[in-house]
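K.L.:
The following comprises the amino acid sequence and a computationally predicted model.
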Amino acid sequence: MTQDIKDFFEGLPTRAAGKTAGMNNTYVFAIDGAGTWTVAVSDDGVTVSEGDQGGDCTLEASAETFSRVVAGEQNATTAYMTGKLKIKGDMGAAMKLQKLF
């Protein structure tokens, strides 16, 4: 599961190509049991780096929950409402993430 999450972040710039128009935000994903990544999104695309580089908002989840969300098996809003996904910071920026997943 941890490798799947790493692969997700490594492939994100390619998968997000063409979907970032009008976005200019930075996100920190803290995935318990897998690691932390900073994802910078702009009109030019997506840049991913390991570690917490700071961001407009931080999303925290277990590796299991995150894997289920990106696989389409778990609705991100439901995960947030049930406490499985925690979001700190700019909620408006967090809502824009739906374009990328």
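P.N.:
Sure, I can see it.
K.L.:
if I look at residue 1, how far off is residue 70?
P.N.:
In this view, residue 1 and residue 70 are 11 Å apart by C-beta to C-beta, to the nearest Å. Where you see a C-beta, it was placed from the backbone N, CA and C, and this is true even at glycine.
K.L.:
The two - which one has more neighbours?
P.N.:
Remark: of residue 1 and residue 70, residue 70 carries more neighbours, 16 against 13, as counted by other C-beta atoms under 10 Å.
K.L.:
so that one touches residue 9, yeah?
P.N.:
No - if you go by C-beta atoms under 8 Å, residue 70 and residue 9 don't touch, sitting 9.8 Å apart.
K.L.:
and the closest residue in space to residue 22 that isn't next to it in sequence, what does it touch?
P.N.:
Nearest residue to residue 22 in three dimensions, chain neighbours excluded: residue 43, at 7.1 Å (C-beta to C-beta, 6 or more residues apart in numbering). Residue 43 makes contacts with 20-24, as judged by C-beta atoms under 8 Å, 6 or more residues apart in numbering.
K.L.:
I am finished for the moment; much appreciated.
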